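**Student:** can you look at this prediction? I've put the sequence above it.
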Amino acid sequence: YFAGHDRATVPYRPVILDSVVVRALKANGAVDPCWPENGWTTDQYRLYADGVHEYAQARGVLPDQVEAALFFRGKQRP
C-alpha cells in the first residue's frame with residue numbers, strides 16, 4: 001500500500017489488508033469464517049482487493065474509504 005499507492009498499477013492501486021479488516025470482512029460475511037487472520041495468499045488478497053474496488057466503484061467512493069470503513073468496523077469487533 002505505502003510503496004504502490006501513488007503509482008498507477010494494473011488493475012488498480014493496493015489497499016491494506018490486516019487482521020482488523022479481516023474481522024470486519026468475516027462479520028459482514030464477505031469472506032469464509034475460516035479465513036486466516038494473517039498470512040494471506042496472493043489469491044486471497046486479490047479477492048479482497050477486487051471486492052473493495054468493486055464496492056467502491058458501485059458506490060462512487062474511493063477504495064481507501066472502503067478499506068478505512070472496514071478497519072473502523074473491525075476495531076469495534078472483539
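**Tutor:** Good, I have the coordinates. Numbers count the residues shown, from 1 in each chain.
**Student:** wait, Ile16 sits on Leu70?
**Tutor:** No: the pair Ile16 / Leu70 is not scored as a contact, 9.2 Å apart, by C-beta atoms under 8 Å. (Each C-beta comes from the backbone N, C-alpha and C, glycine too.)
**Student:** tell me which residues are up against stretch 35-51.
**Tutor:** By C-beta atoms under 8 Å, 6 or more residues apart in numbering, the surrounding residues in contact with stretch 35-51 are 12, 14-15, 17-19, 21-22, 25-26, 30-31.
**Student:** give the buried residues for it.
**Tutor:** 40, 44, 47-49, 51 (16 or more other C-beta atoms under 10 Å).
**Student:** one more: stretch 61-78?
**Tutor:** Within stretch 61-78, the residues scored as buried using 16+ other C-beta under 10 Å are 63, 66-67, 69-70, 73-74.
**Student:** just put these in CSV and tack on pLDDT, secondary structure and distance to Pro36.
**Tutor:** Shown next, in CSV, are the buried residues of stretch 61-78 (pLDDT from 0 to 100; DSSP: H, G, I helix; E, B strand; the rest coil; distance: C-beta to C-beta, whole Å):
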residue, pLDDT, secondary structure, distance to Pro36
Pro63, 89, helix, 22
Val66, 95, helix, 21
Glu67, 94, helix, 18
Ala69, 96, helix, 22
Leu70, 96, helix, 16
Arg73, 95, helix, 19
Gly74, 95, helix, 15
